[in-house]
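Undergrad: For reference, the sequence and a predicted model appear below.
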Amino acid sequence: MKPPKLSIVIPVKGVQGLTYDCLRDIKQNTDPEVLPYEVVIFDSPSEERFRPNWFFNQLAPLAGSDLPLIVEYSQDPNIGMYELLNRAVEHTRGDYLAIINNDLAIGNKCFEHLLEAMHLYDLESVYPSVLTNPGALPADWYELAQQRSEQPTQIVGPPEWRGWFIVVSRRVWEKVGGFDEHYFMNYGDNDFFETLRREGFPSRQVSNAVVHHYQGQTNRPDWYENPGLRNGAAETKYFREKWGFEVYEQGRRNLGLP
């Protein structure tokens, strides 16, 4: 097997069914001959551990079981999302990193189109378009995703914070130092996007790379069982003091928040 060009990093905490569906989409919609890749799952402790054998038993009848999958387990329940992601990246080998949530439906050639856009437009960071709004997946979603996938690769819309799916080159990841681990669950992705922008690598949206984000399905109460002041209010305060009120407000507008 060729060395991976892309490392797909998925942090998980329970909700194993979502992880299975996400991995199935990656397997069915990504050609390893066109884009050699690996998947790194980093599992934070919960009552529902990710079980690779269960996954492969479910996947094999659909698409074969030769998915290049690395599974690592954190033993610290209070590690936090962004420290977890930084640790996960340490296990990767690809020249590019895709950091994604597991509550996603992923369209055909999504990752291929994202890397194609990076080369066409000389970009170091990209993210996909949202084909349908959060909620139940439409019955014809994969057909619609196939149609969009066949369109030309283009950059669309203004840069946004899209923390549940980003692709970044390893060169730039190492330059900016990964995620700021002051954040536990909130604002670490926003912080990362702002860091990229200020370093001259703003992330851009790719038209024919599409996903459906179920949104909020991975926000579990036990993610927030963290010590000290690492909570939503403290993280908001830290972000605003670090980047300024205007950056904070612009991010809220990008997300459609009041």
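TA: In hand now; what should we look at? Numbering: from 1, shown residues only.

Undergrad: Please verify my assumption that Leu131 contacts Gln147.
TA: No: at 9.7 Å, Leu131 does not count as touching Gln147 under the criterion of CB atoms under 8 Å. Every C-beta, even on glycine, is put in place using the N, C-alpha and C of the backbone.

Undergrad: the more surrounded of these two?
TA: Set Leu131 next to Gln147 and count neighbours by other CB atoms under 10 Å: Leu131 wins out with 21 against 15.

Undergrad: Now that one: phi and psi?
TA: Backbone torsions of Leu131, given as degrees, to the nearest 10, read phi -80, psi -40.

Undergrad: what residues does stretch 243-253 touch?
TA: Contact partners of stretch 243-253, identified using CB atoms under 8 Å, 6 or more residues apart in numbering, comprise Trp161, Asn190, Asp191, Glu194, Thr236, Phe239, Arg240, Pro258.

Undergrad: Going by neighbour count, which of the residues you listed comes out on top?
TA: Ranked by neighbour count (other CB under 10 Å), the contacts of stretch 243-253 have Asp191 at the top, with 24 neighbours.

Undergrad: and that residue, what does it touch?
TA: Listed by CB under 8 Å, 6+ apart, the contact partners of Asp191 are Phe179, Asp180, Tyr183, Phe239, Lys242, Trp243.

Undergrad: Is it correct that it falls within a helix?
TA: Yes: counting by DSSP: H, G, I helix; E, B strand; the rest coil, Asp191 is part of a helix.

Undergrad: Quick check, pLDDT for it.
TA: At Asp191, the model reports a pLDDT of 93.

Undergrad: Roughly how far does it sit from His119?
TA: To His119, Asp191 is 27 Å away according to CB to CB, to the nearest Å.

Undergrad: again with Glu143
TA: Distance, Glu143 to His119, by CB to CB: 28 Å.

Undergrad: For the stretch 51-200 of the chain, which segments are assigned as strands?
TA: Taking DSSP state E, counting those that start in this stretch as the criterion, the stretch 51-200 of the chain carries its strands at 69-73, 96-100, 104-106, 125-130, 155-156, 165-169.
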